[in-house]
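Asker: Mind folding the following:
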Amino acid sequence: MPTNLNSEKYEKFVKALLVAPTGRGKTIGAASWPGRTLVLDFDDRHRPIIDWFPERVAAGDFDVESITAKNFWSVFKPLMNNLGTHNPYANILCDGITSMSNCTVMTQMMAKGGFDNWFKREDKGSKITTGGVMVPGWDEFNGEAMLMSLVLEMLKAFKCNLFVTAHPVQRTKIEGTKSVKYSSITTFGPKIESIIPTYFDEVWYMDYRLEADDKGKTYIKRVCYTSPCDDYLEAKTAKSFPPAIDYTDKNLYDLMKDYL
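Answerer: The predicted structure is shown next:
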């Protein structure tokens with residue numbers, strides 16, 4: 001049955017991609033949304049939640065599942081299937097998609113036996129460096145795009161707030177005879193990096209800078225950009241958020257809730 005656009009339940013969900021270098025507050029900003037929250041932790045960076053939200057942690061608001069290449073099929077896949085049947089969470093935080101990119105490729109390499117031994121000089125269908133190391137090829141990059149697209153399709157279908165974090169990594173591409181450096185939110189294949197932002201109406205860029213107070217004491221000012229800024233032109237919003245929100249020592253949800 002199609003969902004009517006007049007449905008309050010449909011309207012209130014936030015589906016946001018939070019982009020920033022490490023340490024800018026993506027996880028804490030997403031975790032500020034109230035209610036029971038599931039953290040799908042590909043980064044192994046959920047510990048700050050304990051420090052920032054001790055009362056909510058004590059109340060049992062947060063469940064965490066750490067995902068690696070070793071448990072991708074045995075833990076993550078069944079968890080996603082179960083959530084499709086029954087989702088008890090108000091918020092799901094996938095932290096973060098850059099590490100998920102790496103995880104999906106490593107999962108495939110493990111399935112091919114690429115890490116049974118550190119060096120594989122003979123392996124049918126695998127790319128081998130001159131030093132004898134098995135490395136991913138187009139099959140793994142295509143698998144990365146397929147797996148991550150499938151995960152995003154499932155995540156966006158869940159009836160809850162969804163936050164996905166990403167941290168840009170430096171990559172190089174060839175344009176004619178020149179190599180050009182650029183930032184990407186995935187680590188391997190070139191297909192999925194341009195697809196990911198299309199799943200989100202909300203793409204926020206989070207950053208900090210050093211400021212000085214009236215007494216000359218420096219402090220870290222944290223800003224969430226919901227519109228294009230100098231450092232990230234792809235930031236966007238479908239809501240009426242201010243273009244830049246100062247959330248220094250503040251709860252990001254409290255600053256945004258009046259615009260939801």
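Asker: how close does the residue of the chain most remote from its centre sit to residue 223?
Answerer: Ranked by distance from the centre of the chain (CA atoms, centre = their mean), the top residue is residue 215, with 38.0 Å. Separation of residue 215 from residue 223 (CB to CB, to the nearest Å): 22 Å. Every C-beta, even on glycine, is put in place using the N, C-alpha and C of the backbone.
Asker: did I read that right, residue 206 in a strand?
Answerer: Yes - Residue 206 forms part of a strand when assessed by DSSP: H, G, I helix; E, B strand; the rest coil.
Asker: Not counting sequence-adjacent ones, nearest residue to it?
Answerer: Spatial nearest neighbour of residue 206, chain neighbours left out: residue 20 (4.0 Å); criterion: CB to CB, 6 or more residues apart in numbering.
Asker: That neighbour: how many residues sit nearby?
Answerer: By the criterion of other CB atoms under 10 Å, residue 20 has 24 neighbours.
Asker: For it, grab phi and psi.
Answerer: Torsion angles at residue 20 (phi, psi; degrees, to the nearest 10) stand at phi -180, psi 150.
Asker: check contacts around it.
Answerer: 26, 165, 167, 205-207 (CB atoms under 8 Å, 6 or more residues apart in numbering).
Asker: same thing but at 7 Å, please
Answerer: By CB atoms under 7 Å, 6 or more residues apart in numbering, residue 20 lies in contact with 26, 167, 205-207.
Asker: Quick one: which of those residues is the most crowded by neighbours?
Answerer: Counting neighbours by other CB under 10 Å, residue 26 comes out on top of these with 29 neighbours.
Asker: My guess is it contacts residue 164. True?
Answerer: No - using CB atoms under 7 Å, residue 26 is not in contact with residue 164; the gap is 9.5 Å.
Asker: rewinding a little: pretty sure the residue farthest from the centre of the chain sits in a strand.
Answerer: No - under three-state DSSP, residue 215 sits outside any strand and is assigned coil.
Asker: now the strands: where do they sit in the stretch 1-150 of the chain?
Answerer: 15-19, 37-41, 62-66, 91-95, 127-128, 134-135 (DSSP state E, counting those that start in this stretch).
Asker: which residues sit against the third one?
Answerer: Think strand 62-66. Outside of strand 62-66, the residues within contact range by CB under 7 Å, 6+ apart are 37-41, 44, 46, 49, 56, 75, 79.
Asker: Tabulate these in a markdown table, adding columns for neighbour count and pLDDT.
Answerer: A markdown table is the format used below for the contacts of strand 62-66 (neighbours: other CB atoms under 10 Å; pLDDT from 0 to 100):
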| residue | neighbour count | pLDDT |
| --- | --- | --- |
| 37 | 24 | 97 |
| 38 | 21 | 97 |
| 39 | 24 | 97 |
| 40 | 25 | 97 |
| 41 | 21 | 96 |
| 44 | 12 | 88 |
| 46 | 18 | 89 |
| 49 | 24 | 94 |
| 56 | 18 | 96 |
| 75 | 14 | 96 |
| 79 | 15 | 96 |
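Asker: Point out where the stretch 151-260 of the chain drops to low pLDDT.
Answerer: 170-183 (pLDDT under 70).
Asker: And the strands in it?
Answerer: For the stretch 151-260 of the chain, the strands defined by DSSP E, counting those that start in this stretch cover 161-166, 169-175, 178-184, 202-212, 218-225, 244-246.
Asker: Using CSV, write out the CA atom coordinates for the fifth one.
Answerer: It stands for strand 218-225. Output of strand 218-225 as CSV, limited to C-alpha atoms (Å, rounded to 0.1, in the frame of the first residue of the first chain):
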residue,chain,number,x,y,z
THR,A,218,40.9,29.5,22.2
TYR,A,219,38.2,26.9,21.8
ILE,A,220,36.8,24.6,19.2
LYS,A,221,33.8,25.8,17.3
ARG,A,222,31.7,23.1,15.7
VAL,A,223,29.5,23.8,12.7
CYS,A,224,27.0,21.7,10.7
TYR,A,225,26.6,23.0,7.2
